[in-house]
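Colleague: what's the 3D shape of this:
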Amino acid sequence: MTMDGVEAIRAGDEAAFSHAVGRHQRELQVHCYRMLGSFEEARDLTQEAFLRAWTGRATFRGDAPLRAWLYRIATNACLDFLAKHPRRPMEIAPDQHGPAVRVPWLQPYPDDIAPEPEPDAATVAKETVELAFLAALQHLTPKERAVLILRDVLGWSAREVSEALGAGVGAVTSRLQRARITMRVHLPERRADWSATTAGQQSEREVLRRFMAALERADDDAIAALLHEDVLVAHQGRAGGNLSVDPVWYSGRATVVDGWAPILHGPHAQELRMVLTSANNAPAYAVYARDPGSDKPFEPFAFSVLRVENGLVVELTTFGVEMVAAFGLPGTVAA
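Modeller: Residues are numbered from 1 along each chain as shown. You can find the predicted model right below:
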């Protein structure tokens, strides 16, 4: 940025300020999302960060990049929010195979508003918006989370992080070491194998299309054929948007098919329609439902994010209907 641009911002040129900071809005929102785990909160805190930046524009000296200055403000806005709203992930029994939704506030993030990664950061960008990575981050203390994101995701030096957080370099290094240990504990064992190619993403979407068609037909055999034997299904929210008190999950192909039977068959079954989308660099769909034989439009029922491996669904995380609107999907689907 030229000194003229710096002086324009410091002088309160609103147009210059909006143009300069607007270029970083999407990546700052993803940064806040990593810090908070909630898409809705990330949107709010990004706006809070811009408000703080505008209010404190006189502190921008231009001796450091505008991007770094904004990240510092956004990070501290998130830390202040978390200090006022402390929360901890759910504890699960040692013998339970718990999914990402053991973090009750976790929400999916629309892929179409994620920032374009730098060429040498493409893999890192993919891995660090996956639900499993986001869930693992929530097990860190807020300051450990900030340090790990700034150091390992953004590639800042210990000195830069120290200046951003107002902490000593020694404290930053210590928090980073603890954060890395915690992340290794909470990330899935096969985490390193998840970097997908474009071909892999296309294959996932084909599996998803077949899976959605099977659900719409209520075809138990076709559904079972696309589920891994040890598939894990997690529910973050209930149909109609009434969030459950605690997230629940169950695993195993037969258990999942049986668990979905009341929705697909019997006196209380629903006729379903699916809308394809993607979230957190993973295949996803919105579920719409109506009573069988009705001529009314299909209404939002749930929102699911899947993980596909070797042509089979290995994990399915379902969120409440509020995510349908958050992703900009239609309010109803025609009959």
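
Colleague: tell me which element the closest residue to Thr141 other than its chain neighbours is part of?
Modeller: The shortest distance from Thr141 to any non-neighbouring residue, by Cβ to Cβ, 6 or more residues apart in numbering, is to Arg175 (7.8 Å). Yep, even glycine has a C-beta here, placed from its N, CA and C like the rest. Arg175 belongs to helix 169-186 when elements are defined using DSSP states H and E.

Colleague: Report the buried residues of that helix.
Modeller: Neighbour-count burial for helix 169-186, counted by 16 or more other Cβ atoms under 10 Å, picks out Ala171, Val172, Arg175, Leu176, Ala179, Thr182, Met183, His186.

Colleague: got it, and stretch 310-320?
Modeller: Leu312, Val313, Val314, Glu315, Leu316, Thr317, Thr318, Phe319, Gly320.

Colleague: how far away is the fourth one from Ala16?
Modeller: Just to be clear, that refers to Glu315. Here the criterion is Cβ to Cβ, to the nearest Å. By it, Glu315 lies 46 Å from Ala16.

Colleague: Equivalent analysis for the third one, please.
Modeller: The gap separating Val314 from Ala16 is 49 Å, by Cβ to Cβ.

Colleague: and what of the last one?
Modeller: Relative to Ala16, Gly320 is positioned 41 Å away (criterion: Cβ to Cβ).

Colleague: ditto for the first one
Modeller: Relative to Ala16, Leu312 is positioned 52 Å away (criterion: Cβ to Cβ).

Colleague: could you point out the longest strand in this protein?
Modeller: strand 299-309 (DSSP state E).

Colleague: Tell me the strands beside that one, with direction?
Modeller: strand 282-290 (antiparallel), strand 312-319 (antiparallel) (DSSP bridges).

Colleague: Save the ones you listed as a markdown table, and put in distance to Pro300 and mean pLDDT too.
Modeller: Output for these, formatted as a markdown table (distance: least, Cβ to Cβ, whole Å; pLDDT from 0 to 100):
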| stretch | distance to Pro300 | mean pLDDT |
| --- | --- | --- |
| strand 282-290 | 6 | 94 |
| strand 312-319 | 11 | 92 |
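
Colleague: With distance to Leu272 added, can I get those strands in a markdown table?
Modeller: Listed next are the strands paired with strand 299-309 as a markdown table, based on distance: least, Cβ to Cβ, whole Å:
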| stretch | distance to Leu272 |
| --- | --- |
| strand 282-290 | 5 |
| strand 312-319 | 13 |
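
Colleague: angle of the host helix or strand of His228 against strand 299-309?
Modeller: Using DSSP H and E, His228 sits within strand 227-235. In terms of direction (axes from the mean of the first three to the mean of the last three Cα atoms, to 10 degrees), strand 227-235 departs from strand 299-309 by 130 degrees.

Colleague: Which positions in the next helix or strand after strand 227-235 come out as buried?
Modeller: Counting by DSSP H and E, the next helix or strand C-terminal to strand 227-235 is strand 248-251. Residues Trp249, Ser251 are the ones in strand 248-251 that count as buried (16+ other Cβ under 10 Å).
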